[in-house]
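A.B. asks: sequence-free structure coming up:
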């Protein structure tokens, strides 16, 4: 479903007041002194929130991540935009709602986009994408190299740096060691660094080095994959804490998507709820942030905590500044696009139809409701303008 473009942009301006014309370009201004800390984004493969004890899981397979979340700003009401890795990468790199059809990561015209990386680059940062597999998978190499990232993947490893690998690449423990080496080299250059590490071990066939956790690798269970990734991240942070750059480094830990996305409803909200937290912000007291938010908001929020002023072409918002009317989450699967807001969910399908639901306070159970035309138009405006800006090259860096 679409509406006239001028109406779509007028509605978008109600949601992002600082924009003008058919654009999302605007200036984000801070009235405080900006800080340039190293930033490490760790995107965890298929980590559903339900696997963590803090969200009610009782099998103790994420003891480290649970302990880290308690020391962090924990965004406990944040949702993944999609059900594939490329959707999570798109959301956190470009900070846009999921474009109808295929992710920008896999599209031909995926380069030179205005992105979180372009903002880091404008601030003088070194920018890298770290991936234990081959970055040709899912077109990641083409996308990240075309958007100012240097790439460290399986092809960057020396034979002696690999202790275990499977079809997805080197284990997360080996990538943790490589990440530390990479960051130590970056620190020597006297410039801040931004590194995005995408984990791989929590993925079928769920195999990993023997003897690291009590769940045998040959059991090939998701619980084992989750627990091994948790173990590898514990080892990474133990090593990181010993490095001179650690005190000046902020860590963003978030899932790319949940492990399951199927369900009896069109879009299963429970299976899009993901863990997300920011660790090592020295001036911030660890606490839970309960505002409804989306993957696309995590970096605009971090930039707010760093007091950055910058030109923005991002749809995402600073969660700290969200009023109740601003809280929303974008959710999609292969064919449908949804907007969750005020315990209501609109789902658009690819036959120009839609369904409207009311949810319970925990955004779990869906109850069919009569269409709210204003909410429907707001939903259409987000997705229509995001795709229009992409199609017209307006999401590219303005040179």
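C.D. replies: Arrived safely, thanks for sending. Values in this document were obtained by computation on a predicted structure and should not be read as measured data. Numbers count the residues shown, from 1 in each chain.
A.B. asks: residues contacting the residue nearest the centre of the chain?
C.D. replies: Per C-alpha atoms, centre = their mean, the C-alpha nearest to the average position across the chain is that of residue 92, at 4.1 Å. Contacts here follow C-beta atoms under 8 Å, 6 or more residues apart in numbering; on that basis residue 92 touches 41, 43, 116, 196, 254, 295, 296, 298, 299. C-beta coordinates here come from the backbone N, C-alpha and C atoms, glycine included.
A.B. asks: again, only using 6 Å
C.D. replies: Listed by C-beta atoms under 6 Å, 6 or more residues apart in numbering, the contact partners of residue 92 are residue 295.
A.B. asks: Which strand or helix spans it?
C.D. replies: Assessed by DSSP states H and E, residue 92 sits inside helix 85-94.
A.B. asks: The residue nearest to the centre of the chain and residue 234: what is the separation?
C.D. replies: Computed as C-beta to C-beta, to the nearest Å, the residue 92 to residue 234 distance reads 23 Å.
A.B. asks: now residue 187
C.D. replies: Distance from residue 187 to residue 234, by C-beta to C-beta: 22 Å.
A.B. asks: For the two, indicate the residue with more neighbours.
C.D. replies: residue 187 (19 against 16; other C-beta atoms under 10 Å).
A.B. asks: you'd agree that one is up against residue 243?
C.D. replies: No: using C-beta atoms under 6 Å as the test, residue 187 is too far from residue 243 to be in contact (7.3 Å).
A.B. asks: how about the strands in the stretch 201-350 of the chain?
C.D. replies: In the stretch 201-350 of the chain, the segments counted as strands under DSSP state E, counting those that start in this stretch are 249-255, 276-279, 287-289, 293-294, 310-312, 329-332, 337-341, 344-348.
A.B. asks: Switch those strands over to TSV; also include distance to residue 268.
C.D. replies: Shown next, in TSV, are the strands of the stretch 201-350 of the chain (distance: least, C-beta to C-beta, whole Å):
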stretch	distance to residue 268
strand 249-255	15
strand 276-279	19
strand 287-289	23
strand 293-294	16
strand 310-312	32
strand 329-332	9
strand 337-341	11
strand 344-348	11
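A.B. asks: so which of these gets nearest residue 224?
C.D. replies: Taking C-beta to C-beta, strand 249-255 is the member of the strands of the stretch 201-350 of the chain nearest to residue 224, at 17.4 Å.
A.B. asks: From residue 337, how far off is whatever residue is furthest in space from the centre of the chain?
C.D. replies: With C-alpha atoms, centre = their mean as the measure, the chain has its most outlying C-alpha, relative to the mean C-alpha position, at residue 370: 32.2 Å. Taking C-beta to C-beta as the measure, residue 370 falls 20 Å from residue 337.
A.B. asks: repeat for residue 22
C.D. replies: Where residue 337 is concerned, residue 22 sits at a distance of 20 Å (C-beta to C-beta).
A.B. asks: Which of those two has more residues huddled nearby?
C.D. replies: residue 337 (27 against 17).
A.B. asks: Might you report the residue contacts of the residue nearest to the more buried one when sequence neighbours are not counted?
C.D. replies: Using C-beta to C-beta, 6 or more residues apart in numbering and skipping residues adjacent in sequence, the residue nearest residue 337 is residue 348, 4.7 Å away. For residue 348, the contacting residues are 1, 337, 354, by C-beta under 6 Å, 6+ apart.
A.B. asks: Name the residues linked to residue 348 by a beta bridge.
C.D. replies: On DSSP bridges, the residues paired with residue 348 through beta bridges are residue 337, residue 354.
A.B. asks: same thing with residue 44?
C.D. replies: Under the criterion used (DSSP bridges), residue 44 bridges to residue 255.
A.B. asks: Surely it touches residue 199?
C.D. replies: Yes: counting by C-beta under 6 Å, residue 199 is a contact partner of residue 44 at 5.1 Å.
A.B. asks: that older thread, please tell me how far the helix holding residue 92 is from the chain's geometric centre.
C.D. replies: 6 Å (C-alpha atoms, centre = their mean, to the nearest Å).
A.B. asks: What of stretch 199-211?
C.D. replies: Distance, centroid of stretch 199-211 to centroid of chain: 21 Å (C-alpha atoms, centre = their mean).
A.B. asks: end-to-end on that stretch?
C.D. replies: Stretch 199-211 has its terminal residues 20 Å apart, counting by C-alpha to C-alpha, to the nearest Å.
A.B. asks: ditto for stretch 125-134
C.D. replies: OK, stretch 125-134 end separation, C-alpha to C-alpha: 24 Å.
A.B. asks: Could I get the full set of helices for the stretch 251-399 of the chain?
C.D. replies: For the stretch 251-399 of the chain, the helices defined by DSSP state H, counting those that start in this stretch occupy 298-305, 373-391.
A.B. asks: repeat for the stretch 1-150 of the chain
C.D. replies: Under DSSP H, counting those that start in this stretch, the stretch 1-150 of the chain gives helices at 5-15, 63-69, 85-94, 116-122, 140-145.
A.B. asks: Pull the residues that contact the first one.
C.D. replies: The contact list for helix 5-15 (C-beta under 6 Å, 6+ apart) reads 19, 22, 377, 378, 381, 384, 385.
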